[in-house]
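A.B. asks: Quick one, fold the following:
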Amino acid sequence: MKTGYLANGLFSLGDRLVNEIIAKEVRQALPGVDLYVPQENGAINDKSAYADSAQIASADMDALMASDFLIAVIDGVEIDSGVAAEIGAFATLKRPIFALLTDSRQQGRDNVKKIDALKQDATENQFIYRNLFVVGLIKQHGMIASSVEELVAALSKKDSP
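C.D. replies: Down below sits the predicted model:
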């Protein structure tokens, strides 16, 4: 059985719902996969209870180190700091990383008006920015999908986890 780790924020309703959707799709596509989703770990993420930073780090690092692959959601204004840390830690294992970036600003990259506007005025940036070190780690060990469907298809490939 393969094991995976789903890295994303988990404090907003949007993040929790995205995590539920991804987990459901991955578990359906990879029957028998043991997918660790931090928000499902009540021992450290029941916010009416208490877990200190060392307990949270230990639980998540143990799951991360035991995983065969990482799914990292890199949406948002910036990559979530916890997700960036998880990507960095996981990259040292040289195991596959599957990132998800659904930002709609990926569209229209070939639109000359957008490129010209950016050249003339840097504040007219119609594009997204992701930290290049983090993106580099992902690309060295995997890929970035632009939809949940593309992510699941990549995970489902024969030579994938």
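
A.B. asks: which residues does residue 147 contact?
C.D. replies: By CB atoms under 8 Å, 6 or more residues apart in numbering, residue 147 lies in contact with 100, 102. No exception for glycine: its C-beta is placed from N, CA and C like everyone else's.

A.B. asks: Show the pLDDT at it.
C.D. replies: What the model reports for residue 147 is a pLDDT of 96.

A.B. asks: elements contacting the helix or strand bottoming out on mean pLDDT in the chain?
C.D. replies: Least confident helix or strand of the chain, by mean pLDDT, DSSP states H and E, is helix 42-45 with a mean of 82. On a contact count with 3 or more CB pairs under 8 Å, 6 or more residues apart in numbering; DSSP states H and E, helix 42-45 meets helix 53-65.

A.B. asks: Now do the buried residues in the helix it packs on.
C.D. replies: Neighbour-count burial for helix 53-65, counted by 16 or more other CB atoms under 10 Å, picks out 56, 59-60, 63-64.

A.B. asks: And stretch 87-95, by the same measure?
C.D. replies: Neighbour-count burial for stretch 87-95, counted by 16+ other CB under 10 Å, picks out 87, 90-91, 95.

A.B. asks: With stretch 63-79 instead?
C.D. replies: For stretch 63-79, burial by neighbour count (16+ other CB under 10 Å) applies to 63-64, 67-76, 79.

A.B. asks: avg pLDDT for that stretch?
C.D. replies: With pLDDT averaged residue by residue, stretch 63-79 scores 96.

A.B. asks: Could you check stretch 138-149 and say which residues are buried?
C.D. replies: Neighbour counts using 16+ other CB under 10 Å place 138, 141-142, 144-145, 148 of stretch 138-149 among the buried residues.

A.B. asks: Noted, bye for now.
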